[in-house]
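Participant: here's a sequence, model it:
(4 chains)
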There are 2 protein chains.
Amino acid sequence: MIIDPVNLLKEHDLKNTKQRVRVLEEIALDTVAISQPDLEKKLGKEIDRVTLYRILNTYEEKGILHRIMDMNGTANYAICSSSCSEAHHHDEHVHFNCTKCFKIYCLEVEVPRIKMPKGFTAKTVSSTAYGICEKCNAI
Amino acid sequence: MIIDPVNLLKEHDLKNTKQRVRVLEEIALDTVAISQPDLEKKLGKEIDRVTLYRILNTYEEKGILHRIMDMNGTANYAICSSSCSEAHHHDEHVHFNCTKCFKIYCLEVEVPRIKMPKGFTAKTVSSTAYGICEKCNAI
DNA sequence: ATAGCATATGCAATTAAATTGCATATGCTA
DNA sequence: TAGCATATGCAATTTAATTGCATATGCTAT
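Facilitator: Just a heads-up that it's a prediction; the model follows:
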């Protein structure tokens, strides 16, 4: 995914700091979501643990990143598809969580409509498929 | 949901202890899933924190309970629909996570089939709808 | 019914994760 | 570039989860 961190920050009225830029760069590197612990491993030398927490939180609040919880309750972050804008920010695609390498992919597949029982009103629906990803299948 | 804790334990070759029975009773009380912290609050006086962890883990391994992670990465547990047997234990129904009271419901709705991209093989699919539940809507 | 064994429990101690407060550093605006 | 708002890093604290071990308890075979 090609992004312009500096511009993205400006668009969201966030100060341009090297830590914030680094986080965005790191996350944008891959199409798969990256877990908070992995980010910490990669950036731990350059960015304080607490700062990383705070940056991830602001990004999520601003709708720059979205957070996907994996089966272990670990937070994973991804800059999602270009169809996500501020006004219309729907993470309404299917995620794929590989049970071998634990990577989370954002699939370009629409979340199917689900009929709610009487009384329940759904705002968003999240679907996650668990299985083996293309890379692990190739091995 | 009506269950017979003692029998359920026997079926799974688990020793019948009062702690294990209490946990099952507590979880079976409601159709909604209960979170680990809530269980701890309710049973904390009778059951040691560590024991509770261990009981929940064994139950999950044995397929007696299934674990649903909520948006905060908190584990929630439910005895799922009667269609879940040992041999064929599929939690393949939709969950509903209320964003007001945070309760998680197991809806009697089948998870829709999702077409996977080339290379990905899905074992299970989990769908969670977020919104307002019947109780909160009624208020 | 009970002896003996496997294992579940509770407690203490440890490890790991997340949060908070505050002083300093940095980016942005006028 | 001065001044202000706020982001960062560090220390300290709080909270959560894990591990090891002694004791207690349930289950099987006698």
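Participant: alpha carbons only for contacts and neighbour counts from here, please
Facilitator: Fine.
Participant: could you pull out the strands for chain A?
Facilitator: A:32-35, A:66-69, A:75-78, A:93-98, A:104-110, A:121-132 (DSSP state E).
Participant: partner strands of the longest one and their direction?
Facilitator: Spelled out, that is strand A:121-132. When pairing is defined by DSSP bridges, strand A:121-132 lines up against strand A:93-98 (parallel), strand B:121-132 (antiparallel).
Participant: closest to DNA strand C out of the strands of chain A?
Facilitator: strand A:75-78 (7.3 Å; C-alpha to the nearest atom of the strand).
Participant: quick check, the closest one touching DNA strand D?
Facilitator: No - figure legend: strand A:75-78 not in contact with DNA strand D (C-alpha under 7 Å from any atom of the strand); closest approach 13.0 Å.
Participant: what's that strand packed up against?
Facilitator: Contact here means 3 or more C-alpha pairs under 8 Å, 6 or more residues apart in numbering or on different chains; DSSP states H and E; on that basis strand A:75-78 packs against helix A:18-28, strand A:32-35, helix A:36-43, strand A:66-69.
Participant: how about CSV for those, with distance to residue A:53 added?
Facilitator: Output for these, formatted as CSV (distance: least, C-alpha to C-alpha, whole Å):
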stretch, distance to residue A:53
helix A:18-28, 11
strand A:32-35, 12
helix A:36-43, 8
strand A:66-69, 12
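Participant: now those in JSON lines, with mean neighbour count and distance to DNA strand C?
Facilitator: As requested, these are exported to JSON lines (neighbours: other C-alpha atoms under 10 Å in any protein chain shown; distance: least, C-alpha to the nearest atom of the strand, whole Å):
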{"stretch": "helix A:18-28", "mean neighbour count": "17", "distance to DNA strand C": "6"}
{"stretch": "strand A:32-35", "mean neighbour count": "23", "distance to DNA strand C": "10"}
{"stretch": "helix A:36-43", "mean neighbour count": "15", "distance to DNA strand C": "7"}
{"stretch": "strand A:66-69", "mean neighbour count": "23", "distance to DNA strand C": "11"}
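Participant: quick one, which of the ones you listed gets closest to residue B:115.
Facilitator: strand A:32-35 (18.7 Å; C-alpha to C-alpha).
Participant: and the closest residue to residue A:69 other than its chain neighbours, what does it touch?
Facilitator: Closest residue to residue A:69 apart from its sequence neighbours, by C-alpha to C-alpha, 6 or more residues apart in numbering or on different chains: residue A:75 at 4.8 Å. Residues near residue A:75 by C-alpha atoms under 8 Å, 6 or more residues apart in numbering or on different chains: A:35-36, A:67-69, B:73.
Participant: pLDDT score for residue A:75?
Facilitator: pLDDT for residue A:75: 94.
Participant: chain A against DNA strand D: which residues are in contact?
Facilitator: Counting by C-alpha under 7 Å from any atom of the strand, chain A sits next to DNA strand D at A:14-15, A:17-20, A:46-48, A:50-51, A:54-55.
Participant: just the buried residues of these.
Facilitator: Taking 16 or more other C-alpha atoms under 10 Å in any protein chain shown as the criterion, what is buried in the residues of chain A next to DNA strand D is A:19-20, A:47.
Participant: residues contacting the most centrally placed residue in chain A?
Facilitator: The C-alpha lying nearest the average C-alpha coordinate of chain A belongs to residue A:78 (C-alpha atoms, centre = their mean; 2.1 Å). Residues near residue A:78 by C-alpha under 8 Å, 6+ apart: A:27-28, A:31-34, A:65-68.
Participant: enumerate every residue touching the nearest residue to residue A:125 once chain neighbours are set aside.
Facilitator: In space, and not counting its chain neighbours, residue A:125 is closest to residue B:129: 4.2 Å by C-alpha to C-alpha, 6+ apart. Going by C-alpha under 8 Å, 6+ apart, residue B:129 touches A:122-126, B:94-97.
Participant: could I get those as TSV with neighbour count?
Facilitator: Shown next, in TSV, are these (neighbours: other C-alpha atoms under 10 Å in any protein chain shown):
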residue	neighbour count
A:122	20
A:123	11
A:124	13
A:125	23
A:126	19
B:94	24
B:95	25
B:96	27
B:97	26
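Participant: many thanks, I have nothing further to ask.
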